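Asker: Sequence and predicted structure below; questions after.
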Amino acid sequence: MAANNSKAKPANIRTMEDFAAHVGLSRPTVSKYFNDPASVREKTRKRIEQAVTDSGFRPNLFAVNLKRQRTKILGVIIPNAIDPFYMELTRRIEEIANEAGYFAIALSSNGRPELEAEAIERFESMNVAGAIVAPLGRARGQRKLDSLASRVPLIYVDAPGHEGTPYIGTDNRQSIGLIVDYLCRSGTPPCFLGMPEVNLNARSRRLAYEEAMEKAGHMPHVLPIPASEGWDFEEFAHQQTAGYLARGLPSPTLLCANDRLAFGALLAAWEAGIRVGHGRDCGLRIAGHDDHPLARYACPPLTTVAQDYGEIARLATNRLLVLLDEKAPASPAEASGDALLLTARIMLRASA
């Protein structure tokens, strides 16, 4: 075979993975060389040195030094360990992290600011390489998250941190606007049952509802709810809806800020002897938000808007790996440090 005398620099060698593939060696072997050239065999060392000369590749020394001081652990903090949204989010993060040679550890704050602060402290003591956090949005936790972000890359999911911090989530204005538009076109405009103010999504979805109703030319009807910091949304909505059904709802259409609230509302309607759905014999329409895994199995199946759990996890984890210099960005979304809001899809079922 004729020798290739071209000295042109190979294209697209931007990360250690790219360089390892170019050389035909494993990434750990290449990393070992850059950490200590004498630690690899002479034949391997000469092979890597020739590839460095040919390609002009130079590793990010800051990232290399950072990795020397840190573990291969990614921290994940979620507000509720049994909520299917966060379970699916965590599962996908773990899969992607594992493929990249990292080990993801998830801790739950259980909706309590003191446990969120404790989780942050625990990850700091473990010297995690980076973190993905679904924040509660309380002042104490935010201060600790800011401190963590000053040391390691941090990505927010589900609810944002400070403006300008990396964030992957659902566009509540689009998703709530989508379901409000459908409900207004298909029947009586909806009143709104909000979630307790446990995170920034509670306010964001309420404001999105008000904006969508005004855009459609209707008066918003936000149902007053008591202050609560609990995450037992089903029980909360069951109690609130039962009370409003006894007193009279302002509309025969009820939009709930999330599907777990809608499940509680469905139970309250059943107990009150009110049939939920479209037909002439139905006294109430109920819709939700999120497309909870059990939404299609509710009675009746729940009309809702679907968040793309897997895509949120994929983008968040890949963006974190980019910041850790473990991969080249495959898209502008993975390279950007700005907020990235995903659109939702409407799931039309029998409840509304």
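Answerer: Perfect, I can see it now.
Asker: In contact with residue 225, which residues are there?
Answerer: For residue 225, the residues meeting the contact criterion (Cβ atoms under 8 Å, 6 or more residues apart in numbering) are 193-194, 196, 236, 240. Where C-beta positions appear, they are placed from N, C-alpha and C, glycine not excepted.
Asker: Among those, which ones are in strands?
Answerer: Counting by DSSP state E, the part of the contacts of residue 225 found in strands is residue 193.
Asker: just the contacts of residue 225: which has the poorest pLDDT?
Answerer: pLDDT is lowest at residue 196 among those; the value there is 90.
Asker: Would you mind listing where the stretch 151-300 of the chain has pLDDT under the threshold?
Answerer: Per-residue confidence for the stretch 151-300 of the chain (pLDDT under 70) gives these ranges: 162-164.
Asker: That one: helices as residue ranges?
Answerer: 172-186, 200-215, 233-247, 259-271 (DSSP state H, counting those that start in this stretch).
Asker: Arrange the contacts of residue 225 in CSV, one row each, with distance to residue 255 and neighbour count as further columns.
Answerer: As requested, the contacts of residue 225 are arranged in CSV below (distance: Cβ to Cβ, whole Å; neighbours: other Cβ atoms under 10 Å):
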residue, distance to residue 255, neighbour count
193, 7, 27
194, 10, 21
196, 16, 20
236, 16, 20
240, 14, 22
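Asker: Closest one of the contacts of residue 225 to residue 108?
Answerer: For residue 108, the nearest member of those is residue 196. The distance, counting by Cβ to Cβ, is 17.2 Å.
Asker: so the closest one makes contact with residue 236?
Answerer: Yes - taking contacts as Cβ atoms under 8 Å, residue 196 lies within contact range of residue 236: 6.3 Å.
Asker: Need the residues touching each of these two.
Answerer: Between them, residue 196 and residue 236 have 225, 228, 230 as joint contacts when contacts are counted by Cβ under 8 Å, 6+ apart.
Asker: Turn the residues you listed into JSON lines, including distance to residue 100.
Answerer: Rendered in JSON lines, the data for the shared contacts of residue 196 and residue 236 read as follows (distance: Cβ to Cβ, whole Å):
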{"residue": "225", "distance to residue 100": "42"}
{"residue": "228", "distance to residue 100": "39"}
{"residue": "230", "distance to residue 100": "36"}
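Asker: Can you get me a residue count around residue 302?
Answerer: 28 (other Cβ atoms under 10 Å).
Asker: Kindly report the same for residue 272.
Answerer: Using other Cβ under 10 Å, the number of residues around residue 272 comes to 13.
Asker: Contact partners for the residue nearest to it when sequence neighbours are not counted?
Answerer: Nearest non-adjacent residue to residue 272, counting by Cβ to Cβ, 6 or more residues apart in numbering: residue 245, 4.8 Å away. Contacts were defined as Cβ under 8 Å, 6+ apart; by that measure residue 245 touches 268-269, 272, 274.
Asker: now do residue 30
Answerer: The neighbours of residue 30, taking Cβ under 8 Å, 6+ apart as the test, are 16, 19-20, 23, 48.
Asker: Quick one: the strands in the chain, in order.
Answerer: With DSSP E, the ranges of strands along the chain come out as 73-78, 103-108, 130-133, 154-157, 167-170, 191-193, 253-256, 285-287, 304-306, 339-342, 345-347.
Asker: Give the pairing partners of the second one; include direction for each.
Answerer: Each strand paired with strand 103-108, and its direction, by DSSP bridges: strand 73-78 (parallel).
Asker: what's the average pLDDT for the strand it pairs with?
Answerer: Averaged across strand 73-78, pLDDT comes to 94.
Asker: Let me have the strands of the chain in TSV, extended by distance to residue 97.
Answerer: Supplementary listing: the strands of the chain in TSV, determined by distance: least, Cβ to Cβ, whole Å:
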stretch	distance to residue 97
strand 73-78	5
strand 103-108	4
strand 130-133	9
strand 154-157	12
strand 167-170	15
strand 191-193	36
strand 253-256	33
strand 285-287	35
strand 304-306	24
strand 339-342	19
strand 345-347	27
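Asker: Isn't residue 106 up against residue 76?
Answerer: Yes - contact between residue 106 and residue 76 holds when scored by Cβ under 8 Å: they sit 4.1 Å apart.
Asker: what residues are shared contacts of these two?
Answerer: Here residue 106 and residue 76 have 90, 93 as joint contacts, going by Cβ under 8 Å, 6+ apart.
Asker: tell me the contacts of residue 201?
Answerer: For residue 201, counting by Cβ under 8 Å, 6+ apart, the contacting residues are 158-159, 172, 195, 257.
Asker: Tell me the spacing between the most centrally placed residue in the chain and residue 43.
Answerer: When the chain is reduced to its mean C-alpha position, the closest residue under Cα atoms, centre = their mean turns out to be residue 157, at 3.5 Å. Noted for residue 157: a distance of 45 Å to residue 43, by Cβ to Cβ, to the nearest Å.
Asker: Please apply the same query to residue 246.
Answerer: Counting by Cβ to Cβ - residue 246 and residue 43 are separated by 82 Å.
Asker: okay, the two: which has more neighbours?
Answerer: When neighbours are counted by other Cβ under 10 Å, residue 246 comes out ahead of the other of residue 246 and residue 43, with 10 against 7.
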